[in-house]
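Asker: Quick one: sequence plus predicted model below, questions after.
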Amino acid sequence: MNHYSYKAVDANGNVLKGILEGHDASSVQGSLTTRGLYVLQVRESGRLFKKVEEKLSAFRISRKDVIEFSSNMAIMLRAGVPLLSALEDIIKTMTNEYMKGAIIDVKKNTEMGVKFSDALNLQRKIFPDILIRLARVGEETGRLENSLSEVATHLKKLEDLAATVKRALIYPLFSLITTGAAVIFWLAYVLPKMMEVIISLGVKMPLLTKILYEVSKITEKYWYVMVMIPVLLFIVIQLMKAKLSTRFYWDMVKIKLPIIRLLLHNRLLALLSEQLRLLIMAGVTIDRAFDVTADVMGNEVFKKAILSVKADIMAGRKISAALSKHNIFPPLVIRMVSIGESSGNLDAQFGFLAEHYYKIVDDFSEKIGKMIEPMLMIILGLLMGVMIAGVLLPMYDVFSKIK
């Protein structure tokens, strides 16, 4: 299968661009025509263009779109609506054109005799692996609506978890940016003006004032370097994340940073527990459950540990014993998993752990602002105090002479 980029116009006159898999350009053009699109251009895309376009398509379709699709499908199937009719109704009400196109492809493939889960798998860049696997389990057990409902609930929890983490980090980040900007402005603009007055009076400057004067001259001359440092730092981090060997160490740093680790580490534990709960409850084999979970963690340290745990389980070890070899899994996780193995209700224990860590993340997100605010105020107060003292010391000398 090759990848083809296309440009087409829909019934409303909107120009759509995207990328599709197909045997040749004619099959891709036929697929677009069945969607009701007027095709302007179809051409084979290069490897780099393919990767960029896939990321753009994934960005255009949010997790909320997938949650809406899964939830609506579950409700309609539970109400007795046939699968194809449910897909048709969802297509009519879908406002996201990119998601709409993906669902049209799913419906078309299902009409041609492809299983619903396999049709979703053809759009795996859009639909998450957990949705595809649980849809397959639902087809085999005859409980597709229950599987889709579980997926919608699971994705909603992940969405809430991501929103909680973002909300917790926004205030500290905003505070750091504003504090840094205020210090740079004071050093680059305000302090040099005041120093000119002090120098013009011929006052002997104390050591603190001399240091501040030199710092202000450097800041005034190279202020753009200080502005560029966060940008360069961001680029370096992205380059580290792009390479597997350095991404592991970056992920390690993230879960060891003071304060931040309490948020990110607990978030990863909540994601791990929730993912395993859902897969085990759906009847997915334990080795495959760990494979799927490792792929969705988004952290190389956890991924490596989970795959190591899976290898130990396949070698005959108990899950709790395999987890205990890695210090990123706290004693609570190991203890609850051990109880679950003994009692045969492993999914319930992972459910308890997921709720426990969700609550920790939620509580901590509310407290982190209150924890960081006094620290930032103290740091800013000390910086401003030093700068003001550096200005007032020579001025005090001037006033003393005048007196």
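Answerer: Here it is on my side, so go on. Residues are numbered from 1 along each chain as shown.

Asker: And for stretch 316-336, what's in contact with it?
Answerer: 255, 265, 269, 273, 286, 301-302, 305, 308-310, 312-313, 337-338, 341, 346, 349-350, 352-353, 356 (CB atoms under 8 Å, 6 or more residues apart in numbering). C-beta here means a position set from N, CA and C on the backbone, and glycine is covered the same way.

Asker: are any of these buried, and which?
Answerer: 255, 265, 269, 273, 301-302, 305, 308-310, 312-313, 337-338, 346, 349-350, 352-353, 356 (16 or more other CB atoms under 10 Å).

Asker: what residue ranges in the chain are flagged as low confidence?
Answerer: Applying pLDDT under 70 to the chain flags the ranges 1-3, 18-19, 21-23, 45-60, 369, 397-403.

Asker: And the strands in it, which stretches?
Answerer: 2-9, 15-22, 38-44 (DSSP state E).

Asker: most packed of the ones you listed?
Answerer: Of all the strands of the chain, strand 2-9 has the most neighbours on average by mean count of other CB atoms under 10 Å, namely a mean of 18.

Asker: Just checking the distance from that one to the centre of its chain.
Answerer: 28 Å (CA atoms, centre = their mean, to the nearest Å).

Asker: Next: stretch 309-325.
Answerer: 28 Å.

Asker: got the contact list for residue 337?
Answerer: So residue 337 contacts 319, 320, 323, 346, 349, 350 (CB under 8 Å, 6+ apart).

Asker: number of nearby residues for the closest residue to the fifth one other than its chain neighbours?
Answerer: The one in question is residue 349. For residue 349, ignoring the flanking residues on the chain, the nearest one in space by CB to CB, 6 or more residues apart in numbering is residue 340 at 3.4 Å. Residue neighbour count, defined by other CB atoms under 10 Å, stands at 21 for residue 340.

Asker: any idea how far residue 340 lies from residue 273?
Answerer: From residue 340 across to residue 273, the span is 11 Å (CB to CB, to the nearest Å).

Asker: same question, residue 267
Answerer: 11 Å.

Asker: Compute the distance between the spatially most central residue of the chain and residue 242, please.
Answerer: When CA atoms, centre = their mean is applied to the chain, the residue found nearest the centroid is residue 162 (6.7 Å). From residue 162 across to residue 242, the span is 22 Å (CB to CB).

Asker: now swap in residue 70 and tell me
Answerer: Residue 70 is 31 Å from residue 242, by CB to CB.

Asker: Look at those two and report which has more neighbours.
Answerer: residue 70 (25 against 9).

Asker: burial count for the spatially closest residue to residue 146 that is not a sequence neighbour?
Answerer: Take residue 146 and drop its neighbours on the chain: the residue closest to it by CB to CB, 6+ apart is residue 138, 6.5 Å away. If you count neighbours by other CB under 10 Å, residue 138 ends up with 23.

Asker: Quickly note the distance from residue 138 to residue 346.
Answerer: Residue 138 is 21 Å from residue 346, by CB to CB.

Asker: Likewise for residue 372?
Answerer: Taking CB to CB, one finds residue 372 at 38 Å from residue 346.

Asker: now residue 172
Answerer: 37 Å.

Asker: Now for the nearest residue to residue 63 once chain neighbours are set aside: which residues touch it?
Answerer: Nearest non-adjacent residue to residue 63, counting by CB to CB, 6+ apart: residue 159, 5.2 Å away. Residues in contact with residue 159 (CB under 8 Å, 6+ apart) are 63, 64, 67.

Asker: I'd like to know which of those are buried.
Answerer: Buried among those (16+ other CB under 10 Å): residue 67.

Asker: got the contact list for the nearest residue to residue 182 once chain neighbours are set aside?
Answerer: In space, residue 182 comes closest to residue 380 once its chain neighbours are excluded; the distance is 7.4 Å by CB to CB, 6+ apart. For residue 380, the contacting residues are 179, 182, 183, by CB under 8 Å, 6+ apart.

Asker: picking up where we left off before, any figure for the gap between the residue nearest to residue 349 and residue 33?
Answerer: Distance from residue 340 to residue 33, by CB to CB: 52 Å.

Asker: So residue 130 is in contact with residue 153, correct?
Answerer: No: contact criterion CB atoms under 8 Å: residue 130 and residue 153 do not qualify, at 11.4 Å.

Asker: Just want to know which of those two has more residues nearby.
Answerer: Legend: neighbour count by other CB under 10 Å for residue 130 and residue 153, higher for residue 130 (23 against 16).

Asker: ok, so what distance separates that one from residue 281?
Answerer: 12 Å.

Asker: Same question for residue 30.
Answerer: Residue 30 is 41 Å from residue 281, by CB to CB.

Asker: How about residue 334?
Answerer: For residue 334 relative to residue 281 (CB to CB), the value is 21 Å.

Asker: okay but residue 339 is in contact with residue 348, surely?
Answerer: No: between residue 339 and residue 348 there is no contact, the gap being 9.6 Å when judged by CB under 8 Å.

Asker: Throw the contacts of residue 159 into CSV and include distance to residue 195, thanks.
Answerer: Formatted as CSV, the contacts of residue 159 follow (distance: CB to CB, whole Å):
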residue, distance to residue 195
63, 53
64, 54
67, 58
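
Asker: Of the contacts of residue 159, just say which sits nearest to residue 119.
Answerer: residue 67 (18.9 Å; CB to CB).

Asker: show me the residues around the closest one that make contact.
Answerer: With CB under 8 Å, 6+ apart, residue 67 has these contacts: 152, 155, 156, 159.

Asker: For it, which non-adjacent residue is closest in space?
Answerer: Per CB to CB, 6+ apart, closest to residue 67 is residue 155, 4.7 Å.

Asker: Show the contacting residues for that neighbour.
Answerer: Taking CB under 8 Å, 6+ apart, one finds 63, 66, 67, 70, 128, 130, 131 in contact with residue 155.

Asker: For the stretch 201-350 of the chain, which segments count as helices?
Answerer: 207-221, 223-242, 244-254, 260-281, 286-296, 300-314, 319-323, 331-343, 346-402 (DSSP state H, counting those that start in this stretch).
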